[in-house]
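Colleague: What follows is a predicted structure for the sequence shown.
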Amino acid sequence: MLHKKLKTALILSLAITSIGAFGATSFAAGYTLNPEVKDATPALKQAAEIGVRTYNNPAMQNAANKDAILVLSFGTTYKDSREKTIDKTVSDIKAAHPNQKVVVAFTSHIIVDRIKAKEGLDIPTPEKALEQLKEDGYTRVAITSLDVIPGMEYAYDSAIFDLYKNDFKKMTLGTPIMYWMGQEDQRDDVEEFVQAFSTQFPKIGEKEAVLVMAHGTPHPANAYYSVVQNRLDSAKLGNVFIYSVEGWPHLDTVIPMLKAKGIKTVTLMPMMMVAGDHANNDMAGAEEDSHKSILEKNGITVKTYIHGLGENDAIRHMFVERADEAWNALEAE
């Protein structure tokens, strides 16, 4: 997909009004500095680094190319869900890049430790994965993320990129599955995500609803959930509401909406890569404070769909596309 040159400037603040927005091919979708800037400072350059990020290390430009793809995921201790979601998505990425080394790392150090203790499986953290790639002589790394929104976990991915980029000849960092939202002629990842996600929605009647459980984040990217709700409404999918475990909107926000519409039955489903602890316990558990129990106390019949996003073929295809973008940026001159 090609983006047209944008007509307006991106004004980040009064201090950087000279940053303009320019389209590129989808793998390099982002912004570049306005050509009128004659002496761009490091801060100006860094402020313009949105979309797929790329870094060429001038100190290693004579090094031979030895390439790898690093897949970053939060991870889960739920082995069955991990195999159906994360492992399946990584397998799809490997199938799309059969001649490249593909490594997976989990950003949750707690989950890494628990899997090691319980299963004896060594899954590296991003730091350890990159250190091993460097030791093995890899010089170019495309990092791709299995994050849903650019929240706290993606901030970790970005920090990894910034801290390790000088250890390699070239490094790229792709975007989460939702990043662009149609602003300034960019593509609308949120609309595409809703179309893919809705392939797993059940048919619902006038007095039925689907409640989509997101994770939530203290990061300002929590605002993505409002955009998701907007796209759900625009898609005319019926009564579909998003809420979160640890952010806004929450279940108490949604229940009055259900009552106002006279909703009698809801289907709960996670909008998370895996169906782990949040899906099995917070959402669908038998405890009094589970979302299922709270809704039932409010006179609503509850059905559950306990499957992670990684089990959805259309969603996995989007994650493979994000990996392709990071890889194509690595290959680009």
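Modeller: Looks like it arrived, so ask away.
Colleague: how much space between the closest residue in space to residue 106 that isn't next to it in sequence and residue 317?
Modeller: Of all residues not flanking residue 106 in the chain, residue 75 sits nearest, at 3.2 Å (CB to CB, 6 or more residues apart in numbering). To be clear about C-beta, it is placed using only N, CA and C from the backbone, and glycine gets the same treatment. In this view, residue 75 and residue 317 are 22 Å apart by CB to CB, to the nearest Å.
Colleague: which one of the two has more residues nearby?
Modeller: residue 75 (25 against 13; other CB atoms under 10 Å).
Colleague: Regarding that one, what is its secondary structure?
Modeller: Secondary structure state of residue 75, per DSSP: H, G, I helix; E, B strand; the rest coil, is coil.
Colleague: gap between it and residue 219?
Modeller: On the measure of CB to CB, residue 75 and residue 219 end up 19 Å apart.
Colleague: longest helix in the protein, by residue count?
Modeller: helix 313-331 (DSSP state H).
Colleague: doesn't residue 149 make contact with residue 176?
Modeller: Yes. Between residue 176 and residue 149 there is a contact at 5.7 Å, judged by CB atoms under 8 Å.
Colleague: Helix, strand, or coil at the most far-flung residue of the chain relative to its centre?
Modeller: Farthest-out residue of the chain from its mean C-alpha position, per CA atoms, centre = their mean: residue 38, at 35.1 Å. Secondary structure assignment for residue 38 (three-state DSSP): coil.
Colleague: From residue 44, how far out is it?
Modeller: Counting by CB to CB, the separation of residue 38 from residue 44 is 11 Å.
Colleague: Retrieve the pLDDT associated with the residue nearest to residue 106.
Modeller: pLDDT recorded at residue 75 is 97.
Colleague: That one: what's it in contact with?
Modeller: 82, 86, 106-108, 111-112, 115, 123 (CB atoms under 8 Å, 6 or more residues apart in numbering).
Colleague: Taking those residues together, which two end up most distant?
Modeller: 82 and 107 (14.1 Å; CB to CB).
Colleague: Comparing these two, which residue is more hemmed in?
Modeller: Per other CB under 10 Å, whichever of residue 82 and residue 107 has more neighbours is residue 82, with 26 against 22.
Colleague: which SSE is the more buried one in?
Modeller: Assigned by DSSP states H and E, residue 82 belongs to helix 79-84.
Colleague: Give the next helix or strand downstream of that helix.
Modeller: Next helix or strand after helix 79-84 toward the C-terminus (DSSP H and E): helix 86-96.
Colleague: what is the rounded mean pLDDT of the helix or strand just after that next one?
Modeller: Downstream of helix 86-96, the first helix or strand assigned by DSSP H and E is strand 101-106. Per-residue pLDDT over strand 101-106 has a mean of 98.
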